[in-house]
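Participant: Generate a structure from the sequence data that follows.
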Amino acid sequence: MLVGAVDLPDGRVARWQEGRTTDALLSDDWEDVADVLAALAHPVRLRLLRTLADGARTARELTELDGMGTSGQVYHHLRQLVAAGWLSSRSGGRFEIPPERVVPLLTTVLGGRR
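Facilitator: Model (predicted):
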């Protein structure tokens, strides 16, 4: 079982709990999560997620970050992250990490450390 609660810099609280037995996880078809994990496999997308962990921002605000690329490139990365469920789009064109995805994201990043 993975459980977590995170106080985010923007004042939101993310709580999450997911439980599966080891046998269930080992018998699952892991290819089903390939697209979700692949969305994280780009340095710009990880930088976008790290920035959005501090709070929602518009694509324009994200484009203004040093080294982020053109607005078209930023939108491409945002679409990938939204499609994979790592981001959601709020009113006013603001993007954020949904609270229920914060702990899985942090856990995935932690698992990627060596």
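Participant: where do the helices sit along the chain?
Facilitator: Along the chain, counting by DSSP state H, helices occupy 22-27, 34-38, 43-52, 59-63, 71-83, 99-112.
Participant: Restrict the first one to CA atoms and write it as CSV.
Facilitator: In this case it means helix 22-27. Output of helix 22-27 as CSV, limited to C-alpha atoms (Å, rounded to 0.1, in the frame of the first residue of the first chain):
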residue,chain,number,x,y,z
THR,A,22,2.2,-7.9,-4.8
ASP,A,23,0.6,-10.8,-6.7
ALA,A,24,-1.9,-8.5,-8.4
LEU,A,25,0.8,-6.1,-9.4
LEU,A,26,3.0,-8.8,-10.8
SER,A,27,0.1,-10.4,-12.7
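Participant: How much space separates the most centrally placed residue in the chain from residue 27?
Facilitator: Geometric centre of the chain, nearest residue: residue 86, 3.4 Å, by Cα atoms, centre = their mean. Separation of residue 86 from residue 27 (Cβ to Cβ, to the nearest Å) stands at 26 Å. C-beta: built from backbone N, CA, C; applies to glycine.
Participant: related to what we said a few turns ago, would you tell me which of the helices of the chain gets closest to residue 91?
Facilitator: Closest to residue 91 of those is helix 59-63 (Cβ to Cβ; 13.9 Å).
Participant: Contacts for that closest one, please.
Facilitator: 48, 51-52, 68-71, 74-75, 78, 93, 95 (Cβ atoms under 8 Å, 6 or more residues apart in numbering).
Participant: Scan these and report the most crowded one.
Facilitator: residue 48 (25 neighbours; other Cβ atoms under 10 Å).
Participant: which of the contacts of helix 59-63 lies closest to residue 58?
Facilitator: residue 93 (5.1 Å).
Participant: give the contact list for that closest one.
Facilitator: With the criterion set at Cβ under 8 Å, 6+ apart, residue 93 makes contact with 58-60.
Participant: For stretch 46-58, C-alpha coordinates in PDB please.
Facilitator: Taking C-alpha atoms only, stretch 46-58 is exported to PDB below (Å, rounded to 0.1, in the frame of the first residue of the first chain):
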ATOM      1  CA  LEU A  46       9.700  17.000 -15.900                       C
ATOM      2  CA  ARG A  47      10.600  20.600 -15.600                       C
ATOM      3  CA  LEU A  48       7.100  21.700 -16.300                       C
ATOM      4  CA  LEU A  49       5.800  19.300 -13.600                       C
ATOM      5  CA  ARG A  50       8.300  20.500 -11.100                       C
ATOM      6  CA  THR A  51       7.300  24.100 -11.900                       C
ATOM      7  CA  LEU A  52       3.600  23.300 -11.600                       C
ATOM      8  CA  ALA A  53       4.100  21.600  -8.300                       C
ATOM      9  CA  ASP A  54       4.500  25.100  -6.900                       C
ATOM     10  CA  GLY A  55       1.000  26.100  -8.300                       C
ATOM     11  CA  ALA A  56      -1.100  26.400 -11.400                       C
ATOM     12  CA  ARG A  57       0.300  28.500 -14.300                       C
ATOM     13  CA  THR A  58      -0.800  29.400 -17.800                       C
END
